[in-house]
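> This is the structure alone, sequence omitted:
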């Protein structure tokens, strides 16, 4: 459990980056209304649908680049995993962080899921099959 600061932009939703091994292959974007305060005496509104997108969605290219060029490698080295030991399909959930002056969008890691990652964007199917084939060929 990590003590994480409250993220006021939670009302803008959450971004889920779907990875096949060390490559981002799609995104999900969803409002998470149940996590932010409701009006007094009222329940929080239900979450909206998660919208799935291919990895080339322009608004998340900064996040994709950071994951593929920095963060996944940092995670791998910190936990001692080789590229081949990464899950076939996994995801990282991000909340929108408070913007920094003159900076690109800021993302705050919420959680990493490495099992039961379903549903996922159609754009991840072909890379997922290719990754499985590569590993089977090495056996």
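That came in fine, so what should we check first? Given the structure is predicted, the values throughout are model-derived calculations rather than measurements.

> where does the protein have low pLDDT?
Applying pLDDT under 70 to the chain flags residues 1-2, 33-37.

> which one in it is furthest away from the centre?
Among the C-alpha atoms of the chain, the one most distant from their mean position (C-alpha atoms, centre = their mean) is that of residue 41, at 32.8 Å.

> did I read that right, residue 40 in a strand?
No. Using DSSP: H, G, I helix; E, B strand; the rest coil, the assignment for residue 40 is coil, not a strand.

> What count of nearby residues applies to it?
5 (other C-beta atoms under 10 Å). C-betas here are computed from N, CA, C, even on glycine.

> cool, residue 54 as well?
13.

> Please tell me how far the residue farthest from the centre of the chain sits from residue 31.
22 Å (C-beta to C-beta, to the nearest Å).

> same question, residue 109
Taken as C-beta to C-beta, the span from residue 109 to residue 31 is 19 Å.

> Of those two, which one has the most company?
Ranked by neighbour count (other C-beta under 10 Å), residue 109 and residue 31 place residue 31 first, with 19 against 14.

> doesn't residue 44 make contact with the more buried one?
No. If you go by C-beta atoms under 8 Å, residue 31 and residue 44 don't touch, sitting 10.6 Å apart.

> Can you name every helix or strand that the longest helix along the chain contacts?
Assignment by DSSP state H gives helix 125-137 as the longest helix of the chain. Applying 3 or more C-beta pairs under 8 Å, 6 or more residues apart in numbering; DSSP states H and E, one finds that helix 125-137 makes contact with strand 14-20, strand 23-30.

> what's next to stretch 45-58, contact-wise?
Stretch 45-58 is contacted by residues 13, 16, 23-34, 38, 60, 64, 119-123 when judged by C-beta atoms under 8 Å, 6 or more residues apart in numbering.

> Just the buried ones from those?
Neighbour-count burial within these applies to 13, 16, 23-33, 60, 64, 120-121, 123; the criterion is 16 or more other C-beta atoms under 10 Å.

> quick one, what contacts residue 106?
96-100.

> nearest spatial neighbour of it, skipping sequence neighbours?
Of all residues not flanking residue 106 in the chain, residue 97 sits nearest, at 3.6 Å (C-beta to C-beta, 6 or more residues apart in numbering).
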